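Student: just need the structure, nothing else, for what follows:
(chains A and B)
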Protein chains: 2
Amino acid sequence: MSTAIRAEVPSEAARWQARVRVEVMREVGGFVAARCAEHVAVPDAGELAAVLTGFAAGGKYVRSAFFLAGWSCVAEPTPAAVRAAGSLELLHCFALLQDDVMDGSALRRGRPAAHVVFAEWHRREGLSGCADRFGESAAVLAGDLCLVWSEQMLRESGVDGAALGRAMRRYDRMRSDLAVGQFRDLVNDSRRLPALDDVRDVARAKSGDYTVRGPLELGAELAGAAEGQLDALGRYGRVVGEAFQLRDDLLGLFGSTEVTGKPVGEDLRARKATAVVVLARERADPAARRELARLDGLDRLTDDDVERYLRVLAATGAREWAERLIGQRLAEGIAALSRVPLPDPARDRLLHLAHSCGSRSH
Amino acid sequence: MSTAIRAEVPSEAARWQARVRVEVMREVGGFVAARCAEHVAVPDAGELAAVLTGFAAGGKYVRSAFFLAGWSCVAEPTPAAVRAAGSLELLHCFALLQDDVMDGSALRRGRPAAHVVFAEWHRREGLSGCADRFGESAAVLAGDLCLVWSEQMLRESGVDGAALGRAMRRYDRMRSDLAVGQFRDLVNDSRRLPALDDVRDVARAKSGDYTVRGPLELGAELAGAAEGQLDALGRYGRVVGEAFQLRDDLLGLFGSTEVTGKPVGEDLRARKATAVVVLARERADPAARRELARLDGLDRLTDDDVERYLRVLAATGAREWAERLIGQRLAEGIAALSRVPLPDPARDRLLHLAHSCGSRSH
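Tutor: Numbering: from 1, shown residues only, chains lettered A, B, ... in the order given. Below you'll find the model as predicted:
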């Protein structure tokens, strides 16, 4: 399956993705710099501006790529479209900044997470009170600013006002579902044995729809896509989003730090109830199940525990199940595209993005 | 001073405030119920909906009152104006939900704060992991939803689109300044001896402008106020906002729990660097200064320590200084109104609101 997809992917689409990433990043950087100059250029807030600026300048920019691929289904993206795409990257910054606090993740993209940076600043300045707590509060506030600025950047992007008015329905749903999905994630992570259906349902609502389907449909709708196109893109986005999430789960478990920018085993240590882990628990034979329950019961996992956990997970076949499902979902996504007329560049971009979601290594 | 103001206040304006509070609260309640039905009616999120619904149904609704008083300077508020006013209450819900987490405040309006409610739910459900940490994350997410819904409620309020487009500049500034102000507040609270000017500057940016001046100008601008009116309202808003903040500081120090809904001495225990405390430190004689430094150096304050702290504060004269400043600021605010033509009901409402900000007992 994966070879068949790879053969269809033209390198022109990969070059397009690299090019628009640079363009969107430039717009986001400019917007954040302007907001910092307007609101954050006050005493004591220099570190806040530095973190916001640094944060916006990193990442894969997957969501803006799907937005612009969706736009491509109607026309080549305009400068206004590039700015509107940037607003989704700010929404993602909001999610990452606050998720890292809630998950207690110390690393982001191979560097200290924002709450860690703020805590270090608190110590360096010799401030009183708990530095870690200050760091967490500051990162939450940086996230709040990104949430506010995302909407402002979309509104001021210059896309057609009437189209924007109609499309805000989707944007509003993305924002609310993101926060509600994170809440449900926290609940599932706290359940001893969450059900696989619940976990997949939340993963779809929180990550898949907000990473792939939402941005894609928003871009297409803002460009003026027809109902039939939106239907096909919705079907594609749903399954490609699921593939993206499964790949993310696998990388979170089996990916190396150099590839993910995260410590090995972090998802296990944080007791994240990903679909792969939950499925493994369901499929495990009695001995493996006892071993998983023992590891789940430990206060914290050593490196040896993590290694053992991953070996047991792999032995249940959950990893192969996830790989198979990724291949299946990508095939479904590609099939959905074949049933609707699309400009060639848009089709190529969507094939390329589907492929890179399923096989991406970071 | 306070008697002179009281004499000018017609009870019609007080009745108006009570009436619009009910109207705005009904709109906010309806909007939150609709959003919960759309986004939060999913497995495991019942507690989130309950907290959001309960939160929106309480409070003084001061910000919406200033918004509608501002609107009154041009015309009687329409149903669309009432909905737009409600969006400011949702913005305030966002600030309270997250501030209570950051300040570690266990009580809000005399009842357990949202993060405490979520932590109790976590324990009741027998979930694994740290209940307090879950409660804090959940309250931050509830705040995020209020931040998103505030903008959505304003946009969907039905106020004139062109006026809204122009006024969003003010709304955007309020939202960003609120988050940046909270960041600076956290920094000031962590400084051993913040400067009085810094503290007053932050109090103005964070609380004053966002409680009084911002809502007032936003309401007036959306209704179509003239430049001269906006100038006068801005001057009034700035000083009345400062009076509001000083009264808030005094209540946080000397107010009783029945009046404030907060434990006595909470601001002292949280080491909040309010203007009154910072001024007291500056004015204290050497003996009092040593005593304050000793109390500031304690890991935590007992009830006896709080009582002693308040006695020393009062003895420095900082309390009288704050009371005098409140009276002076109210007089300046009222003087600003006298220099511009305003409809009688609007003037009465502004006088009433200024009075209740300066003298309010909760």
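
Student: return the mean pLDDT over the helix or strand that residue A:351 is a member of, rounded to an integer.
Tutor: Per DSSP states H and E: residue A:351 is located in helix A:344-359. For helix A:344-359, mean pLDDT rounds to 93.

Student: mind listing what's buried in it?
Tutor: Buried residues in helix A:344-359, counted by 16 or more other C-beta atoms under 10 Å in any protein chain shown: A:345-358. Just so you know, the C-beta spots here come from the backbone N, C-alpha and C atoms, and that holds for glycine as well.

Student: show me the two of those residues that sit farthest apart.
Tutor: A:345 and A:358 (20.7 Å; C-beta to C-beta).

Student: show me where the stretch 1-150 of chain A has its strands.
Tutor: Along the stretch 1-150 of chain A, the stretches classed as strands by DSSP state E, counting those that start in this stretch are A:107-108, A:111-112.

Student: of all these, which one is nearest chain B?
Tutor: Counting by C-beta to the nearest C-beta, chain B lies closest to strand A:107-108 out of those; the figure is 17.1 Å.

Student: what is the closest one packed up against?
Tutor: With contacts taken as 3 or more C-beta pairs under 8 Å, 6 or more residues apart in numbering or on different chains; DSSP states H and E, strand A:107-108 sits against no other helix or strand.

Student: which stretches of the stretch 151-300 of chain A have low pLDDT?
Tutor: Counting by pLDDT under 70, the stretch 151-300 of chain A contains low-confidence ranges at A:206, A:208.

Student: what angle sits between the longest helix anywhere in chain A and helix B:161-190?
Tutor: Taking DSSP state H as the criterion, chain A has its longest helix at helix A:161-190. Relative orientation of helix A:161-190 versus helix B:161-190 (axes from the mean of the first three to the mean of the last three C-alpha atoms, to 10 degrees): 40 degrees.

Student: buried ones in the helix or strand following helix A:161-190?
Tutor: In the C-terminal direction, the helix or strand that comes right after helix A:161-190 (DSSP H and E) is helix A:196-203. Within helix A:196-203, the residues that qualify as buried are A:196, A:198, A:199, A:200, A:201, A:202, A:203, counting by 16+ other C-beta under 10 Å.

Student: and the closest residue to the fourth one other than its chain neighbours, what does it touch?
Tutor: Using C-beta to C-beta, 6 or more residues apart in numbering or on different chains and skipping residues adjacent in sequence, the residue nearest residue A:200 is residue A:275, 5.3 Å away. Listed by C-beta atoms under 8 Å, 6 or more residues apart in numbering or on different chains, the contact partners of residue A:275 are A:196, A:199, A:200, A:203, A:245, A:246, A:249, A:322.

Student: distance-wise, check residue A:275 relative to chain B.
Tutor: Taking C-beta to the nearest C-beta, to the nearest Å as the measure, residue A:275 falls 16 Å from chain B.

Student: and if you look at residue A:43?
Tutor: From residue A:43 to chain B the distance is 6 Å (C-beta to the nearest C-beta).

Student: let me know whether that residue touches residue B:184 as I believe.
Tutor: Yes. If you go by C-beta atoms under 8 Å, residue A:43 and residue B:184 touch, sitting 7.3 Å apart.

Student: okay, and the common contacts of those two?
Tutor: Residues touching both residue A:43 and residue B:184 (C-beta under 8 Å, 6+ apart) are residue B:198.

Student: quick one: which of the two has more around it?
Tutor: residue B:184 (25 against 13; other C-beta atoms under 10 Å in any protein chain shown).

Student: quick check: closest non-adjacent residue to that one.
Tutor: The nearest residue in space to residue B:184 (C-beta to C-beta, 6+ apart) is residue B:202, at 4.5 Å.

Student: residue A:300 now?
Tutor: Nearest to residue A:300 is residue A:269, by C-beta to C-beta, 6+ apart, at 6.9 Å.

Student: show me what contacts residue A:182?
Tutor: A:95, A:98, A:99, A:102, A:206, B:141.

Student: just confirm yes or no for stretch A:247-266 near chain B.
Tutor: No. Interface with chain B: stretch A:247-266 contributes nothing (C-beta under 8 Å from any C-beta of the partner chain), its closest point being 15.4 Å away.

Student: other residues contacting that stretch?
Tutor: Contacts for stretch A:247-266 (C-beta under 8 Å, 6+ apart): A:105-111, A:203, A:207, A:267-268, A:272, A:274-277, A:301, A:303, A:306, A:309-310, A:313-314, A:319, A:322-323, A:326, A:357-362.

Student: I appreciate the help and will end here.
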